[in-house]
Every structure is written in structure tokens, then in C-alpha cells.
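S.K.: Build me a model from this:
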Amino acid sequence: MGMAEGMARHPMLSCVVAKHWDNPKSVKLVRVLAGWGRHIAHSIILSHDLSWMLGQQLAAGSDSMQATQLCVEAHRTWALLLSYGICQQLWVDLSQVTLTRLVTLYQREQLENTNFVGSWLLLVATQAVSLAAEQSNPPNMVQWDQVVGLRDIMENCVRKWLAQLGQRDQLVSPNFGQLLSMMASCLAAYYRTLANYDKCELVKFLDELEEFFTTVLLKFLSSTYYSTCLSSLLSSCYLASSLSPSTRHPASLPSVGAYLQGGTPHPLLTSQSQVILLQGVLDLVQTVVSIHKKLQPVLTKTLSTTVPQVNAFLSKLVNCSPSLPSHWFSRPSSILLHSLLQLYSPNLPSLSHPTALTLASLVHTQDSPILINLFNNFLFNPAFLSSDSLSTRLSSLSLTTSLPNMSGQPSPSPLSVVQASLTHLPSIMSTYKQLLLPTGSSLHPTPTQRKSTTCRHSGETLLPTDWPYFPLLSLYNSTQSTKTSPPPVSPDQIQWSISWLTLLPPSLPTPRYLRLCTVFLSPGSLFLSPNIHSLLHSHLTSLLSQGSGPDLSLSLPGISSNLDLYQQLVDQFTTESYGDLLFSFYVVIPLAMSQPFAFRKTFWTEMTDTLSLIRLSPEQIAPWTVSRFLDPPEKEVSVLMAYFKSVVEGVVTRTRNGLLYSIAAGHIRELLSHREDMEGELARFKKFVEGELRKNPQLEILFS
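M.R.: Below is the predicted model:
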């Protein structure tokens, strides 16, 4: 911001504007500077009389490549200034020129020879419609009378172009897709403004909408071309797992990343991509139906013919890790996905909640209204989280083995806790909104409200990938701060959040385990609550049933060291657990033989005070069995020595510490039964154990 302000005041900018205004890069420089803030844009306009100079460029034609580039930059700059409410007089002065050029777009063939300026002209028109819609004081110069003439030409363009697409077999170029998308989006903005216009003849408008919807939009949605567009999403929208961003640019000079690792263009930019086209057209469809709600049943029936294509795409998306989510060119895909979710949720109710959950992690920083819509209508909507809609998920919440809690109260079933928590869905949603979107708005800013068009962290997603666990993580992080402040969430909010998490599709076991561990590290000993105790047990048994369970050799964003976190967990267990069996269960998971050796070494050799406190029996670790801790046999002598000492010295006993005893004694038995030749330190240790057992025959019973 400071650099942009300095450049706007620098004499060099005056030189660039005065001598090189006919160069597209000069116009682009002004646009980039103005994008940093309304005050910068206003200062540049007044200092250099750009309104008049820009008007000359806008009124001129685009007969050559240089002139076309200049015209494109002039329209983009004008659109940016209008987004602040600046240069409105230009729209009043050039409205007839604008309408004439839109008529020319309609008259000339665009499918094979798309006008490069057309999309940006429509962006200008969209900003003008936004100004006409705004109720500002003083009133904007652009009023409804200055945009009312747009409707007929835009409807005719959409009617003509969609009819042409309905007769095609091959996909159109991205340039035409962008032009049609901008035309449809501008028409959608016009409809939204007209619906709220105080002089709108609503009955007449609804009849006209129904006619346009029936004769234009429904025909396109029923066409083979639309079905082909949906099928193309499988190769151009988040599902290309082999793609990764390029690392060619330095951190001090980042690029938008049009080309990815290996020189491959971003999927959005390929000739097969129809994402931008679908984004604009479906925005128009959604807008018409939101205004004329009686059209929804007809739309749902029409869309049923393309449910297989959308079902295939969404099913694949929710079961994979979307590629390139935090990428500047991925934003149109997230907006399109939101439109698909809204339009197809009546036909795909079982996929709606998983899709919304996936989409929430893909929404970009500029699109908080989308996220709020997901929260209100999908993620915390009782219609998608009722007992009937979640019967399969709820049936999996039973526990085969119960772990007594330290409160002395019987543990409630996870199912009963979850069902009781579902009555608090509005409170759960409020918790997530407060933590994740404290300043979020359900509407995009109006021109008067907009202070900058440059969004911080543009190209990045709004939420972290672990956002469903954010209430848990925020409470844990509050203990890491040196400041004394009230906990960000209450115990009830933690219980409701954990209940809601049980209803989500199973996530990867490693991050799920590590994030649940933070509950034990949070203030208030929340694990002692019978309800939270039951939920944490249900989560653990669920994630242990996924393949081989967590893999603590994997790194997780936000955790500098899994081993350090584990040491915190064991220390907390020693000081506050009271020997709780569930806490013990979480502590022993990293001791499995599939986990890195460092966890077993740290626990058995450095935390010996904890051993006697873990009183789990082998039967209490379902769905795992003790074999997870015995196979393959331990080869590290330092840990084997710790096993031997813990048994011989009575630190772990068969009756008090059944699981740890089975682990320690089992590994020593396996070592002694090994008949093949051993070498080095392991062979010497085996001889040492055999010697100790010969000297003290009564010890043999400990390992029998």
C-alpha cells in the first residue's frame, strides 16, 4: 500500500501519463496502482485529469492489435474506477456508445471470432448496474435510467448464443466462454437490481422471466452441449491430482501461475475447460429461480437428466484431495461448484453435505458470502443433518467396548450425545462463524463501501484445511499464549463441535488423531466430561478402523513436531489424567510398531513415571489388538532394555497394566524364542537376558 501511494505521488507517473498514455502498459500501471485503494484512485484521477483522457480511449475503436490491447486496458481501468463509484460521468456520456457496441456484439458472429474487448465492456456494464442498484447518499450519478437499455440487448445475446451452443457438438473456445459468461453474469446482476427496484412492475417482470427461462435457459440445460460441459469438469476442475504450482518465480516477485510445474497450463486455461462459461450461465439460472421461486420444480425436473454427470463429478471430488485449491485461477471453479451445489442439491441430497464440506475449504478470500451461504444452508442445516438423512452414519456410532470414565458416572452412548447436540445446530454454526468469519458479510461490498479492489492473500482459500476442528484448536492455542484471557469457547461448544465432527465423512486418520489430541491438552480437563469422553472414544475407534490407523511419520501443517506434541500429551497425562483409560488409549497409539521408533524410545526410556499409570487391558483397545504393538519384533536394544526393566522391576504388572505388560513381555519372549543367529548389540542383549533368567529362575514366570 505504501509503495502504491508513493508511486501515485511520484513525478514519474505524471511523465508516464503525459507522454505514454497510448501505451497499454501505462494504462495498466494506473489500474494496478488504483486497485490498492479508493483514495489512490481518486488522487490519480484528479491529479492527471484521467477521466477525460480515459474517455478518449474508450470512445476510440480497436482496429489494430495495439489499439485492441489499449482498448482492453482502458475498459478494465474504467471498470475498476466504477467499482469505487469514480468516473460515473463517463458512463452517462458514453452510454449510447456502449449500447451501440453491445448491439455490434450481437450482430457479428462471436463463436469463431470472439471480440476481445466484449468481456471487459460487459464488466463495465456490470459495475454500472451495481451503481444503479446502490442506495447511496448522495445518490450515484448512474441511476436506473442510465442502465435500463441494457436488458433487451443482453437477453438477445444470451438467447442467440445459447441457441447456437445447443446445436454444437464441439466445445467452444475459452474466449467465447468468457464472453458468454460475462453477458450472463451482467444480465443476472440486472435482474437482481430490477427485482428490488421500487418502480418495478413485479407481475409483468415475473411473467417475462418465466418466458425467458422456459424458451432460453431450460432449452440449454436440456441440450447435449450442457451435458458435455458437465462431463468435461472431470478433467478440468480440481481433479487433476498430478498438477502442482510452478516454483520458477522468486518469492519477492510472485506470479499468478498460469503455467504449472512442467510447463502445463492451469486446467482453467485449456481449450477443453468450460468452467467460466458454466459459471456465468448457472449464475443466471440461479438468479432467475431465486427471483421467481415457482420455477424451482421445473428446474429440478429438467436438471434430473444431467444428475449422472454431476453425481460422477461431485462423488469423485468429495473422495479425493482437490488439486490447486489455493491458486488464483482456481477461484472460478469454486464459484461454479457453489452454483452446482445450489442447483442440484434437491436431486442429490445425500451428496449435498459432503460437497458443501469440501467446497468450504476451496472458497477464496474474496468470497466470504459463499461461505456464509454454505454455513446457513448446508453445513449446519437440520435438513441435511437429521436422523433420517444420517441413519447410516449414526448407526456406526456404537462402541463395542466401553471405557469407564473418572467421574464415576456411566458413559452415555455416542449416539445419544450426538442426537442431543443436534438440537444446538444454530449455536454450533454461530461458534464457527464467530471463530472463522468474525467480519464476514453475506453480501459483497457496494461501490460506496469498497475501499480497495486488491484483496490480501488473493488466490488463497479463506479457511484452513482443518477448519472443522477450529474450535478445538483455538482452545488449545489459547493455552500457548502468554496473555491471560477467557477461553475462546466453552465446554458445551466443544462438545457440540465434536458431535458435529462425528457426522462428517471420515477424514484422514493422522490429522484427525493429532487434532483430537488437542482436547486433552486444553484447559479444564474436558475429557473428564462423560459426554466428551464418549465422543472422543467414538472418534478414536473410528479412525483406528481406517486402514492401518494414523501414521505419525507424516508432518501436519501447524504442528512443528509430532514428537514434541506427543511429549506434551504424555506430560499432561501424567499430571492431570488420574489414570483415565481413554486418555491412556490416546497415549499408547504412537507406541504401535508401525510408528516411528522415536515415540517408543521417548515413552519407554524417558517417561518411566508414566508407565504404571496406564492401566489399559489388551481387550480395551478395540478395534486394535495387541498384535499392533508386537509385530514386527522390536530390534532396538535401548527399548528392549526398557521393556525388560519395566517388567523385572515391577513398574508394569500383569494385573495392573495389562496392555503395557503384554507389549513388554511379548517382545522379550519373541527375542528369547528367536533361534537364528544374531549379531552385534542385539545378540549381546539376548545373552544378557538369558543370563539374568538363569541367575534368577523366578523371573522366568514373568515372561511365560
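
S.K.: outside of stretch 366-376, which residues touch it?
M.R.: Defining contact as Cβ atoms under 8 Å, 6 or more residues apart in numbering, one finds that stretch 366-376 is touched by 331, 334-335, 338, 342, 356, 359-360, 363, 429, 432-433, 437, 440-444, 455, 458, 462-463. Bear in mind the C-beta positions are built from the backbone N, C-alpha and C, glycine included.

S.K.: filter the residues you listed to the buried ones?
M.R.: Neighbour-count burial (16 or more other Cβ atoms under 10 Å) is assigned, among the contacts of stretch 366-376, to 331, 334-335, 338, 342, 356, 359-360, 363, 429, 432-433, 437, 462-463.

S.K.: Which of these sits closest to Cys71?
M.R.: Checking those against Cys71 with Cβ to Cβ, the nearest one is Arg331 at 25.4 Å.

S.K.: Would you agree the closest one is in contact with His338?
M.R.: No - between Arg331 and His338 there is no contact under Cβ atoms under 8 Å: 11.0 Å.

S.K.: List the contacts of the residue lying closest to Ala592 once chain neighbours are set aside.
M.R.: In space, and not counting its chain neighbours, Ala592 is closest to Arg628: 4.7 Å by Cβ to Cβ, 6 or more residues apart in numbering. If you count contacts by Cβ under 8 Å, 6+ apart, Arg628 has them with Gly549, Ala592, Met593, Ser594.

S.K.: mind checking the SS state of the third one?
M.R.: Read that as Met593. Under DSSP: H, G, I helix; E, B strand; the rest coil, Met593 falls in the coil class.

S.K.: Out of the contacts of Arg628, who's the most crowded?
M.R.: Neighbour tally across these (other Cβ atoms under 10 Å): the maximum, 23 neighbours, falls on Ala592.

S.K.: Can you name the residues that contact that one?
M.R.: Counting by Cβ under 8 Å, 6+ apart, Ala592 touches Gly549, Trp624, Arg628, Phe629.

S.K.: Under the pLDDT cut-off, which ranges of this structure? List them.
M.R.: 61-63, 387-396, 481-484 (pLDDT under 70).

S.K.: Of all residues in it, which one is nearest the centre?
M.R.: For the chain, the residue nearest the mean C-alpha position is Ser361 (0.6 Å; Cα atoms, centre = their mean).

S.K.: what sits against it?
M.R.: Contacts of Ser361 (Cβ under 8 Å, 6+ apart): Pro322, Pro325, Thr461, Leu463, Pro464, Thr465, Trp467.

S.K.: Tell me where the stretch 501-650 of the chain has helices.
M.R.: 509-521, 530-544, 562-576, 581-588, 597-601, 608-611, 637-648 (DSSP state H, counting those that start in this stretch).

S.K.: Would you reformat those as JSON lines and include distance to Leu371 and mean neighbour count?
M.R.: As requested, those are exported to JSON lines (distance: least, Cβ to Cβ, whole Å; neighbours: other Cβ atoms under 10 Å):
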{"stretch": "helix 509-521", "distance to Leu371": "21", "mean neighbour count": "21"}
{"stretch": "helix 530-544", "distance to Leu371": "25", "mean neighbour count": "23"}
{"stretch": "helix 562-576", "distance to Leu371": "29", "mean neighbour count": "17"}
{"stretch": "helix 581-588", "distance to Leu371": "32", "mean neighbour count": "23"}
{"stretch": "helix 597-601", "distance to Leu371": "37", "mean neighbour count": "17"}
{"stretch": "helix 608-611", "distance to Leu371": "42", "mean neighbour count": "15"}
{"stretch": "helix 637-648", "distance to Leu371": "47", "mean neighbour count": "20"}
